[in-house]
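Student: Fold the following and give me the result.
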Amino acid sequence: KKPDFRFIFIGSLEEHKFVDHYFETLPPLVSRRAVNLSGKTSISELLALLKFGKVYLGNDSGPLHLAAALGLPTIAFFGPETPNLYGYNSSPHKMFYTNHFCSPCLNSFKYKVSKCERNVCLENIEEEPVVKALIETVENRFHQTALIP
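Tutor: Here you go, the predicted structure:
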């Protein structure tokens, strides 16, 4: 929808195969504008990527909280965890959560271990509102930086 957008995929070394597989499913128009850095960055390199990014889009994870700490707008998906405890519910952050009956399944009382085999709580997040939030966030960020002398 926005040919000028660029994407960087991140993940740990253990997640590299999953991200590689996902990367291969991207439409050519997206994959040409994307870089897969999963398993290839140190923490300091990840921080640099986040510092120069326009928005973080991803699940509730360490990079989400690093991005927020750096002041980067975030769009985050919650399900196994609750946004009530770990989310950012104010601008410039946006959260998506379906409040599925079994969510959150991860919590401190269960030592953050879940037997869930299919994250329906995440699968039920609709694509169109996420795309809209992403476009709005990047455009707002672009207009903010364009105003800085």
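
Student: From the contact counts, what lies against the longest helix belonging to the chain?
Tutor: When the chain is parsed with DSSP state H, its longest helix is helix 127-147. Helix 127-147 sits against strand 74-78, strand 94-97, with contacts defined as 3 or more CB pairs under 8 Å, 6 or more residues apart in numbering; DSSP states H and E. No exception for glycine: its C-beta is placed from N, CA and C like everyone else's.

Student: ok and it relative to strand 74-78, angle-wise?
Tutor: Helix 127-147 runs at 160 degrees relative to strand 74-78, counting by axes from the mean of the first three to the mean of the last three CA atoms, to 10 degrees.

Student: Can I get helix 127-147 as PDB, trimmed to CA atoms?
Tutor: Only the C-alpha atoms of helix 127-147 are listed here, as PDB (Å, rounded to 0.1, in the frame of the first residue of the first chain):
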ATOM      1  CA  GLU A 127      -5.100  -7.200   9.200                       C
ATOM      2  CA  GLU A 128      -6.700  -4.000   8.000                       C
ATOM      3  CA  PRO A 129      -6.700  -2.100  11.300                       C
ATOM      4  CA  VAL A 130      -3.000  -3.000  11.800                       C
ATOM      5  CA  VAL A 131      -2.100  -1.800   8.300                       C
ATOM      6  CA  LYS A 132      -4.100   1.400   8.900                       C
ATOM      7  CA  ALA A 133      -2.300   2.000  12.200                       C
ATOM      8  CA  LEU A 134       1.100   1.300  10.600                       C
ATOM      9  CA  ILE A 135       0.500   3.900   7.800                       C
ATOM     10  CA  GLU A 136      -0.900   6.500  10.200                       C
ATOM     11  CA  THR A 137       2.000   6.000  12.600                       C
ATOM     12  CA  VAL A 138       4.700   6.300   9.900                       C
ATOM     13  CA  GLU A 139       3.000   9.300   8.300                       C
ATOM     14  CA  ASN A 140       2.700  11.000  11.700                       C
ATOM     15  CA  ARG A 141       6.400  10.300  12.400                       C
ATOM     16  CA  PHE A 142       7.400  11.600   9.000                       C
ATOM     17  CA  HIS A 143       5.500  14.800   9.500                       C
ATOM     18  CA  GLN A 144       7.000  15.300  12.900                       C
ATOM     19  CA  THR A 145      10.600  14.900  11.700                       C
ATOM     20  CA  ALA A 146       9.900  17.100   8.700                       C
ATOM     21  CA  LEU A 147       9.000  19.900  11.000                       C
END
